[in-house]
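S.K.: mind folding the following:
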Amino acid sequence: MVAERLERQINFVIEIDKLKSVLRQTILVDKSKRENSAEHSWHIAVMAILFSEYARESDVDILKVIKMALIHDLVEIDAGDTYCYDEKGTLDQSEREEKGAKRIFGILPEDQAREFEGLWREFEEGKTAEARFAAALDRVQPLINNYNTGGEMWREHGIKSGQVVRRNSVVNEGAPVLWEYTSQLISDAVKRGMLQE
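M.R.: Residues are numbered from 1 along each chain as shown. Here you go, the predicted structure:
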């Protein structure tokens, strides 16, 4: 029984290595390459520890937020990354991610499959304090990268400030201090010509 459980866990570990190949539209701050989804997940997990004091609710379970940060994009192994400003791509995003969740988490032993899928769903629904804080970090990280690369990807895709504000307004629900900070970045990006008004 232990051997079967361990084998399923090892198979999962091997499968999730594929997340390192899922490229996002965000580029690294040094502009050397596009970020992959595994790098993004790691970055927001570290941010969860670093910025825990800014969570709207003081009793947020940071370990749970870290778990959400690390697993929320695993479904992209099957679904691919959908650029957040791609209106057409977002139409079937939920369906693609749902299928990915079933298959990928289904590799795990049943108890862990339930836990991981539950954390993924909780993140997607955004109803708990932990999900709202994790979602805030998920939005702040690419915004910081976009700003610190001179808005390169915003300009490449013709993104306007109103789109960025709408996309990132959920930051306020999970971390008001970070929303104030990102709002300032957005305003400054417009002033500096990184982002269209």
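
S.K.: find the centremost residue of this structure, please.
M.R.: Most central in the chain under Cα atoms, centre = their mean is residue 138, positioned 3.9 Å from the mean C-alpha point.

S.K.: distance check, it against residue 178.
M.R.: 11 Å (Cβ to Cβ, to the nearest Å). Bear in mind the C-beta positions are built from the backbone N, C-alpha and C, glycine included.

S.K.: repeat for residue 163
M.R.: The value you get for residue 163 to residue 178, if Cβ to Cβ is used, is 19 Å.

S.K.: so which of those two has more stuff around it?
M.R.: More crowded of residue 163 and residue 178, by other Cβ atoms under 10 Å: residue 178, with 24 against 17.

S.K.: ok, longest helix in the protein?
M.R.: Longest helix in the chain, counting residues (DSSP state H): helix 129-148.

S.K.: the helix or strand just after that one packs against which elements?
M.R.: Next helix or strand after helix 129-148 toward the C-terminus (DSSP states H and E): helix 152-157. Judged by 3 or more Cβ pairs under 8 Å, 6 or more residues apart in numbering; DSSP states H and E, helix 152-157 is in contact with strand 23-27, helix 129-148.

S.K.: winner for burial among the ones you listed?
M.R.: Stretch with highest mean neighbour count among the helices and strands packed on helix 152-157: helix 129-148 (a mean of 23; mean count of other Cβ atoms under 10 Å).

S.K.: could you dump it to CSV, C-alpha only?
M.R.: Extracted C-alpha coordinates of helix 129-148, given in CSV (Å, rounded to 0.1, in the frame of the first residue of the first chain):
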residue,chain,number,x,y,z
ALA,A,129,-9.7,35.3,3.3
GLU,A,130,-6.9,33.0,2.2
ALA,A,131,-8.1,32.8,-1.4
ARG,A,132,-8.5,36.6,-1.6
PHE,A,133,-5.0,37.2,-0.3
ALA,A,134,-3.6,34.6,-2.6
ALA,A,135,-5.5,36.2,-5.5
ALA,A,136,-4.1,39.6,-4.6
LEU,A,137,-0.6,38.3,-4.7
ASP,A,138,-1.3,36.5,-8.0
ARG,A,139,-2.2,39.9,-9.5
VAL,A,140,0.5,42.0,-7.8
GLN,A,141,3.4,39.8,-9.0
PRO,A,142,3.0,40.3,-12.8
LEU,A,143,2.1,44.0,-12.3
ILE,A,144,5.4,44.5,-10.5
ASN,A,145,7.2,42.7,-13.3
ASN,A,146,5.4,44.7,-16.0
TYR,A,147,6.2,48.0,-14.3
ASN,A,148,9.9,47.0,-13.8
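
S.K.: quick one: mean pLDDT over it.
M.R.: Confidence for helix 129-148, expressed as mean pLDDT, is 97.

S.K.: report the buried residues of the helix or strand hosting residue 69.
M.R.: Under the criterion of DSSP H and E, residue 69 resides in helix 62-71. Buried residues in helix 62-71, defined by neighbour count with 16 or more other Cβ atoms under 10 Å: 64, 65, 66, 67, 68, 69, 70, 71.
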